[in-house]
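Chemist: Here is my input, please return the structure:
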Amino acid sequence: MGSSLLSGDAKEAFRICLVQMRCSADSEENIAAAKGALAASSANDVDLCVLPELFSNRYVGQFADIEDRKGGLPDHKMLLAEFREASKASDVAVALPYAEAVDAKRSYNSLALIDKDGAVRASYRKIHIPDAEGYREDLYFESGDLGYVVARLGDVNVGLGICWDQWFPEVSRSLALGGAELLIYPSAIGSELIQPGFDSRPEWELVMRAQAIMNRVFIAAVNRVGQEERIDFYGGSFVADPWGEVIRRASTASPEIVFADLDLSRIRDARSFFGFLDTRQPRTYGALTNERR
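Modeler: Just a heads-up that it's a prediction; the model follows:
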């Protein structure tokens with residue numbers, strides 16, 4: 001799915017922006033805030049701007065009134081068109097999450113990677129769909145049917161994932177084997193309604209930092225923040241390097257735009273020291289393809 005970045009005369013610096021948002025019930029307000037962040041990214045020489053999962057509205061998984069909430073989501077074709085223009089105008093690539101209504105019965109939790117020229121470089125449909133109280137995406141979305149997606153953006157191979165995907169090591173490994181050097185995870189995660197005292201944020205970050213180490217890639221996760229109708233989203237958006245070290249981390253309480261410079265040579269250095277991908281033994285991994293029990 002992609003060739004190695006770290007060869008020839010490839011660029012070895014890549015600047016990303018994570019837009020941690022407080023999302024309101026007003027789609028136009030959220031879209032305007034995201035476009036404002038894109039403009040700010042342009043002024044800071046950003047290569048890629050990443051928005052939170054389903055940023056254009058309140059998080060749908062927390063609602064029982066499914067049909068009303070579907071009706072409140074903006075038309076995804078119009079949203080894509082708007083951000084293709086915004087990306088081109090700002091000269092910044094954008095990872096755009098959206099709810100994709102294919103027809104009256106099928107919807108997907110989707111992500112488009114739009115380049116600086118306003119072209120859609122790749123699209124991904126979230127494969128792992130949560131079904132816990134407060135995160136009932138299974139009532140809205142089908143499991144994605146586009147497979148695991150890695151796309152070239154400038155000099156970088158970007159692997160696409162969305163929120164719940166980040167908890168499954170098979171996702172990051174599949175993307176890394178597909179050539180990804182940077183994995184992005186737009187997210188919407190916060191309080192747990194079934195265990196109100198449980199704080200998943202440390203584990204949320206830890207599981208992705210572990211995947212950065214295992215695959216020797218950069219990982220960027222961007223979350224929403226603030227209290228919505230049922231969920232208190234805890235922010236904490238961050239970027240980790242191929243050694244699992246956090247380069248930048250956002251607040252757990254406020255909207256924030258986080259800029260991070262990725263030194264891509266660290267992928268080569270990390271892989272030359274601990275060759276996890278080189279010493280794999282796929283013949284022993286048959287259990288990974290068994291149907292769930």
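Chemist: Specify the local secondary structure of residue 267.
Modeler: Secondary structure, DSSP: H, G, I helix; E, B strand; the rest coil: residue 267 is helix.
Chemist: From residue 216, how far off is it?
Modeler: Counting by C-beta to C-beta, to the nearest Å, the separation of residue 267 from residue 216 is 6 Å. Where C-beta positions appear, they are placed from N, C-alpha and C, glycine not excepted.
Chemist: any residues in contact with both of those two?
Modeler: residue 242 (C-beta atoms under 8 Å, 6 or more residues apart in numbering).
Chemist: in the stretch 1-150 of the chain, which spans are helices?
Modeler: 27-43, 66-71, 76-90 (DSSP state H, counting those that start in this stretch).
Chemist: how about the ones you listed in a markdown table, adding mean pLDDT, mean neighbour count and distance to residue 179?
Modeler: A markdown table is the format used below for the helices of the stretch 1-150 of the chain (pLDDT from 0 to 100; neighbours: other C-beta atoms under 10 Å; distance: least, C-beta to C-beta, whole Å):
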| stretch | mean pLDDT | mean neighbour count | distance to residue 179 |
| --- | --- | --- | --- |
| helix 27-43 | 95 | 18 | 25 |
| helix 66-71 | 54 | 12 | 36 |
| helix 76-90 | 95 | 17 | 23 |
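Chemist: Could you provide those helices in a markdown table, with additional columns for distance to residue 208?
Modeler: Converted to a markdown table, the helices of the stretch 1-150 of the chain look like this (distance: least, C-beta to C-beta, whole Å):
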| stretch | distance to residue 208 |
| --- | --- |
| helix 27-43 | 22 |
| helix 66-71 | 28 |
| helix 76-90 | 25 |
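Chemist: Which of these sits closest to residue 261?
Modeler: Closest to residue 261 of the helices of the stretch 1-150 of the chain is helix 27-43 (C-beta to C-beta; 13.1 Å).
Chemist: Counting by contacts, list what that closest one packs against.
Modeler: strand 13-20, strand 48-50, helix 76-90, strand 256-263 (3 or more C-beta pairs under 8 Å, 6 or more residues apart in numbering; DSSP states H and E).
Chemist: re the thing from before, to residue 201, which of the helices of the stretch 1-150 of the chain lies closest?
Modeler: Nearest to residue 201, of all the helices of the stretch 1-150 of the chain, is helix 27-43, at 22.2 Å by C-beta to C-beta.
Chemist: Mind listing residues that contact that closest one?
Modeler: Residues contacting helix 27-43 (C-beta under 8 Å, 6+ apart): 17, 19, 21, 23-24, 49, 51, 55-57, 72-74, 79, 82-83, 86-87, 90-92, 94, 255, 257, 259.
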